[in-house]
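Student: Next one to model:
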Amino acid sequence: MNTEEIIVLLKEKSNPKYLAGMKRFGIRDEFALGIPLPELRKISKSIKIDQALSLALWKTNFHEARLLASMIGDPGKVTPEQMDEWVNDFDSWDVCDQVCGNLFDRTPFVIEKALVYSGRSNEFTKRAGFVLMAEYAVHNKKAGDEVFVSFLPVIQREACDGRNFVRKAVNWSLRQIGKRNACLRGEAIKTAGVLLEMDCKTARWIASDALRDLTRK
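Tutor: As a prediction, this is how the structure comes out:
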């Protein structure tokens with residue numbers, strides 16, 4: 001399938017009721033069609049990995065085309081420049097999360113970019129940094145503990161950013177790091193303890209929520 005054929009297919013799959021639901025969850029709908037993720041994943045399986053098509057779909061600006069692009073991209077062919085370009089285009093939390101979790105967290109640049117993006121001021125760029133940390137913790141079973149320990153000071157540094165999509169991603173990264181193993185759970189709980197003592201409502205919320213998850217019996 002080429003780009004034009006895929007866009008025609010996506011338009012055929014458009015669901016007005018699902019689109020209305022997307023709006024309620026804070027997803028921008030200017031270029032959205034309203035297609036559930038399971039349907040997009042089904043389409044991606046019929047296409048398989050195709051980096052050139054992934055890049056072409058991204059340029060269409062259609063919301064679902066960009067989600068699909070993240071599912072068929074080749075992490076071995078993704079460049080740092082592509083990552084920066086796509087991250088700069090992020091305008092919703094779901095595109096951010098899908099791109100980071102489907103594609104970017106499997107690239108050789110994930111650690112470097114997680115650290116860079118987490119220090120940026122743009123809300124979705126900063127979110128991307130912490131989503132990369134969370135998704136890397138979930139998906140990369142061979143990464144050493146030291147990688148995730150190095151993320152913890154960054155989590156502490158940015159824990160007072162009260163913007164909704166940032167604070168939730170910071171919380172998510174802390175929880176996923178702590179869930180990897182007993183050692184990292186201890187380190188994550190220690191970090192949460194530091195956040196609890198901060199004179200910052202957002203940091204205390206991140207810590208309390210993470211501790212509920214990490215200390216659950």
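Student: what's near enough to touch Glu158?
Tutor: By C-beta atoms under 8 Å, 6 or more residues apart in numbering, the contact set of Glu158 is Ser118, Gly119, Lys126, Phe130, Val166, Val170. (C-beta placed from N, C-alpha, C; glycine too.)
Student: what's the closest of the residues you listed to Arg180?
Tutor: The closest of those to Arg180 turns out to be Phe130 (C-beta to C-beta; 15.6 Å).
Student: for the strand or helix carrying the closest one, packing partners?
Tutor: Per DSSP states H and E: Phe130 is located in helix 123-139. In terms of contacts (3 or more C-beta pairs under 8 Å, 6 or more residues apart in numbering; DSSP states H and E), helix 123-139 is packed against helix 80-89, helix 93-102, helix 110-117, helix 145-157, helix 164-178.
Student: Just the buried residues of stretch 1-13, please?
Tutor: Of all the residues in stretch 1-13, those buried under the rule 16 or more other C-beta atoms under 10 Å are Ile6, Ile7, Leu10, Lys13.
Student: for the record, mean pLDDT for that stretch?
Tutor: Averaged over stretch 1-13, pLDDT sits at 93.
Student: neighbouring contacts of it?
Tutor: Contacts of stretch 1-13 with the rest of the structure, by C-beta under 8 Å, 6+ apart, involve 33, 35, 39, 43, 46-47, 53, 56-57, 60, 62, 64-65, 68.
Student: before we move on, the earlier item: nearest to Arg216 among the helices and strands packed on helix 123-139 would be which one?
Tutor: Arg216 lies closest to helix 164-178 among these, at 10.6 Å (C-beta to C-beta).
Student: the inter-axis angle of the closest one versus helix 93-102?
Tutor: Computed with axes from the mean of the first three to the mean of the last three C-alpha atoms, to 10 degrees, the direction of helix 164-178 lies at 30 degrees from that of helix 93-102.
Student: Show the subsequent helix or strand relative to helix 164-178.
Tutor: Next helix or strand after helix 164-178 toward the C-terminus (DSSP H and E): helix 182-196.
Student: what does that following helix rub up against?
Tutor: Applying C-beta under 8 Å, 6+ apart, the external contacts of helix 182-196 come out as 145, 148-149, 152, 155-156, 159, 174-175, 177-179, 203-204, 206-208, 210-211, 214-215.
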